[in-house]
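Enquirer: All I have is the shape, not the residue letters:
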């Protein structure tokens, strides 16, 4: 059956992990992206980077360029008609693939380069050594991309912020304690389970030539806190946290089948996006019904699979977003996956590397490479941004999609799902029940601050914290989910 010439196809992928010896050897984010694009062109069998209708860049934290895509075109010596930049979020790489596939299929564009990269390790090392890096300066040229892609959601509620709860290293441990309690596992038993999961991830990274940490760790090494694996947010020591201390870049070249043929890209390099979906949970964690479920993942994933005409059991390859163990568990249970199957193809953000918003560009590149060795099989990628907030899904195969690329945005259905109201101040004072919690530790591994999401008798949610180090230390022992505690008008948590 002939393939529609406007069918979108991925023809080249490239990845870079650069380890400098001194800062003189370091690469900027732009240089990392440019090299990844060159590698993607080589991967496609091209002698040079092709001119493009678009270069679309995933939002960066370490590079302050106003229009990074325009800078990249200049660095590469290619012509580009339009430039784009995504909004922040780890969902962005897959969302860009989804949007690009739709535009190619509609005949609106023909060849698009997607890329992203971070030199966070270099930036932090330069700051420590007092070295000034030009690319860390805010761009004052007035340059701006032709288009910004994605939804720019403010994901921290002002009341969450007022309680000092606004970082992933705080939220994801709370998801973990809620998942543990929902499963009815003792803390020690659950810690063993997730350390075994993360050990399997480290083993995948050990075989991944692009991974940042290429060492398989035992479950005991991962779960045991110590000088090289300090506790950060209970129950996660360092190895269970996303590792952003990396210099990494990745790129994808997408085009129409007609353009792929005109460029002479061999058909054995082609991997087709079959379907995709984009959606988000209730944007504030404060309003979600529970910390132990992610209904938007369930719905968004189901829609992507349905549009591809398959089910989760048809996926030979799966890469779930893996910033923290709770993210993987939420994704797996929402998609109907067993936790003991291979859920990463890279090794995840702790070991393969977590270059802020761009991890999933690496996972897509890895999945593309593996699918080429498994003709006809399908792969699923789940991308996540925020606090398990923004989701994007993609189904891929070396076989062209029978009905073209198909996409869903089921946000109306998600917005209609149950939500909780948030209480604060005097309205939330009194006896409350902990539903999720964590204890943040200082750099010496000492329990410092206890943070908890609590339920009032009427079902509303309230946040509570304690800076009492004795109480924080007590919260590190046993199970505190389900425990009744006191919350004063300022949100201070006490017991007794």
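Expert: In hand now; what should we look at? Every value quoted in this text rests on a predicted model; they were computed, and no experiment measured them. Numbers count the residues shown, from 1 in each chain.
Enquirer: what about the helices in the stretch 51-200 of the chain?
Expert: In order along the chain, the stretch 51-200 of the chain carries the following helices (DSSP state H, counting those that start in this stretch): 68-76, 92-105, 120-129, 158-162, 168-183, 187-206.
Enquirer: Any idea which of the ones you listed gets closest to residue 256?
Expert: For the helices of the stretch 51-200 of the chain, proximity to residue 256 was assessed by Cβ to Cβ; helix 92-105 is nearest, at 5.2 Å. Using the backbone N, CA and C atoms, a C-beta is placed for each residue, glycine as well.
Enquirer: For this protein, give me the ranges with low pLDDT.
Expert: 1 (pLDDT under 70).
Enquirer: Relative to the whole chain's centre, how far out is stretch 80-87?
Expert: From the chain centre to the centre of stretch 80-87 is a distance of 21 Å (Cα atoms, centre = their mean, to the nearest Å).
Enquirer: cool, and stretch 480-494?
Expert: Computed by Cα atoms, centre = their mean, the separation of stretch 480-494 from the middle of its chain amounts to 32 Å.
Enquirer: Return the set of buried residues in that stretch.
Expert: Judged by neighbour count (16 or more other Cβ atoms under 10 Å), stretch 480-494 contains these buried residues: 480, 481, 485, 487, 491, 493.
Enquirer: measure the third one to residue 41 for me?
Expert: So that's residue 485. Taking Cβ to Cβ, to the nearest Å as the measure, residue 485 and residue 41 are separated by 58 Å.
Enquirer: quick revisit: would you mind finding the most buried of the helices of the stretch 51-200 of the chain?
Expert: Highest mean neighbour count among the helices of the stretch 51-200 of the chain (mean count of other Cβ atoms under 10 Å): helix 92-105, with a mean of 25.
Enquirer: So what's the gap between that helix and the chain middle?
Expert: 17 Å.
Enquirer: returning to what we had before: just the ones in strands from the buried residues of stretch 480-494, please.
Expert: 485, 487, 493 (DSSP state E).
Enquirer: Including distance to residue 329, could those residues go into JSON lines?
Expert: Below are these laid out as JSON lines (distance: Cβ to Cβ, whole Å):
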{"residue": "485", "distance to residue 329": "26"}
{"residue": "487", "distance to residue 329": "28"}
{"residue": "493", "distance to residue 329": "26"}
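Enquirer: So which of these is the closest to residue 273?
Expert: Comparing those against residue 273 with Cβ to Cβ places residue 493 closest, at 47.0 Å.
Enquirer: List the contacts of that closest one.
Expert: Taking Cβ atoms under 8 Å, 6 or more residues apart in numbering as the definition of contact, the neighbours of residue 493 are 450, 452, 454, 464, 465, 466, 471, 485, 486, 487.
Enquirer: make it 10 Å
Expert: The contact partners of residue 493, by Cβ atoms under 10 Å, 6 or more residues apart in numbering, come to 432, 434, 437, 450-452, 454, 463-468, 471-472, 475, 485-487.
Enquirer: Residue 2 now?
Expert: For residue 2, the contacting residues are 257, 400, by Cβ under 10 Å, 6+ apart.
Enquirer: same thing with residue 368?
Expert: Going by Cβ under 10 Å, 6+ apart, residue 368 touches 10-13, 43, 252, 269-271, 317, 379, 381, 396, 398.
Enquirer: likewise residue 392?
Expert: When contacts are counted by Cβ under 10 Å, 6+ apart, residue 392 touches 89-99, 150, 276-280, 300, 304, 321, 360, 381-385.
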